[in-house]
Structures are given as structure tokens and as C-alpha cells.
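Enquirer: show me how the following folds:
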Amino acid sequence: MEEPEIKKEVPVEGGDEPPTSQDDDIQLNQKISELEQQLATCQDKLKRSLADFQNLEKKTRADIESGINAKLDKFLLSFLTIYDDLVRAKEILKKENPNAQGLDSILKNTESLLAEYEVFPIDALGEIFDPNLHEAIAVIEDANLDENTITKEIRKGYISHKKTLRPTLVEISKKPQSK
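Expert: Residues are numbered from 1 along each chain as shown. Down below sits the predicted model:
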């Protein structure tokens, strides 16, 4: 014997009538639109966070490099004072004793070390005074020279990585003033 078929009714939310397919489409489109807005917001936040991170990384790298360069510059300035003393000692020794070969080799090694770390002397003699590279501490009057020509180096200056580490102390020329 066959049993009679029993129909079960599925309760529908919000009313007695089942939703139409058009209502489903509208709800799905609204949900898709909301999710697309959330996605766009999340993508924007991600882009901003990435940009912030990259900026922080650049700034941190620059700060570290700046700190290292400042310490290196301080060390090099102290080292250059010792180098200047060695050069003066060599000049005195050569006047008294022509055999200063040991000091010559020390100075050559020192110059090689400076060049290795891209520290180079500033050539100033005969050049026009540049306040970025030179510091004038004496002035002489000379009608034969152009105005602000460097006539004498009093202390050698040095440049490192296109930055003046120590300016050259110089004497410059001025034209005599007519009376």
C-alpha cells in the first residue's frame, strides 16, 4: 500500500508570502554594493598603511645614515688634526734631517685611508674664494690679482661625499682702494 504524500510548508520570514526573485536580486545587489564599498575602504586603508610604512622606512634609513655620517665626520675631524700634526712633523724633520722616509710612508698610508673613505683635500691655492669650501682669516691687497683670489692656504680643508668636512683656512686678495 502506498502512503499518501505529505507536504511540509516552510515558514517564510517577514510575511506569509514567499519572496519573489526580483526582491532577491535587489537584496543581492545591495549586499554586493555594500561589500564593494567595504573592499574599496579596505584597499584604501591598505594603500595608506603601505605608504606610511614606506615613508617610515625611508625616514628611519635616512636617520640611521645621518647618525652614522655625523659620528664618522666627528671622528674624521679628530683624525685630520693628527694628520696635520704628522705633516708638520715631516716638514720639521726634513729641515733638520733629510731622511724622513718612515714618516713619508705613514703619510702615504694615511692619505690612502682617507681616499678609501672618500675624504679628499680641497685645492684652494689660486682659486676664487668660495664660502662653502673656504674660511678667510686674512686679507692682503694686491692689484695684480683678481678680487677674492686665494693667495695662501693656512690650513688644509677636506671634503667628504660632496660635503665640506672642514673648510680650508685661507688668505685672500683684495684690490687696493683708490684714495
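Enquirer: going forward, measure contacts between C-alpha atoms and count neighbours the same way
Expert: Fine.
Enquirer: per-residue pLDDT, the nearest residue to Ile150 once chain neighbours are set aside?
Expert: Nearest residue to Ile150 in three dimensions, chain neighbours excluded: Ile172, at 4.4 Å (CA to CA, 6 or more residues apart in numbering). pLDDT recorded at Ile172 is 95.
Enquirer: doesn't Ile172 lie inside a helix?
Expert: No. Using DSSP: H, G, I helix; E, B strand; the rest coil, the assignment for Ile172 is strand, not a helix.
Enquirer: burial of it, as a residue count?
Expert: Using other CA atoms under 10 Å, Ile172 is surrounded by 27 other residues.
Enquirer: and for Asn99?
Expert: Asn99 has 12 neighbouring residues, counting by other CA under 10 Å.
Enquirer: how is the protein divided into domains?
Expert: For the chain, automatic domain parsing gives the domain ranges 27-117, 120-179.
Enquirer: distance to Ser21 added to those, as JSON lines?
Expert: Listed next are the domains of the chain as JSON lines, based on distance: least, CA to CA, whole Å:
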{"stretch": "domain 27-117", "distance to Ser21": "10"}
{"stretch": "domain 120-179", "distance to Ser21": "73"}
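Enquirer: how close does Glu36 get to Gln43?
Expert: 10 Å (CA to CA, to the nearest Å).
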